[in-house]
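> The following block contains a protein sequence and its predicted model.
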Amino acid sequence: ENAAFAKNWTQFLKFVEELAFVEINFHKLFVYAFDLRPHLYNVLIQNQYFLDARLKDHCLYNGKYIDVVIYAKLA
């Protein structure tokens, strides 16, 4: 299950990066994520994304304040 998740996310990221960096000439991509799925972060790191920011207690989710993490990649 985790291998399929990582494979699918990696394919998705490659598609988005090709579009953003090559076709549109973006300088930076970022992923804004509620801190609920830590298994996603390893996939991002494996694809050369870095932790750009952590917004502490940024969102209310199920009655609890949670962080938002932002991972980024430069062209």
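Sure thing, it's come through. Numbers count the residues shown, from 1 in each chain.
> Quick check: what element follows the helix or strand of the chain with the lowest mean pLDDT along the chain?
The helix or strand with the lowest mean pLDDT-type score in the chain, counting by mean pLDDT, DSSP states H and E, is helix 38-46 (a mean of 93). Sequence-wise, the next helix or strand beyond helix 38-46 is strand 50-61, with elements assigned using DSSP states H and E.
> ok and the least confident helix or strand of the chain relative to strand 50-61, angle-wise?
Between helix 38-46 and strand 50-61, the angle formed by their directions is 160 degrees, by axes from the mean of the first three to the mean of the last three CA atoms, to 10 degrees.
> So which bits of helix 38-46 are buried?
Residues Leu40, Tyr41, Val43, Leu44 are the ones in helix 38-46 that count as buried (16 or more other CB atoms under 10 Å). Using the backbone N, CA and C atoms, a C-beta is placed for each residue, glycine as well.
> need the residues you listed in a markdown table with distance to Trp9, can you?
As requested, the buried residues of helix 38-46 are arranged in a markdown table below (distance: CB to CB, whole Å):
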| residue | distance to Trp9 |
| --- | --- |
| Leu40 | 7 |
| Tyr41 | 11 |
| Val43 | 5 |
| Leu44 | 8 |
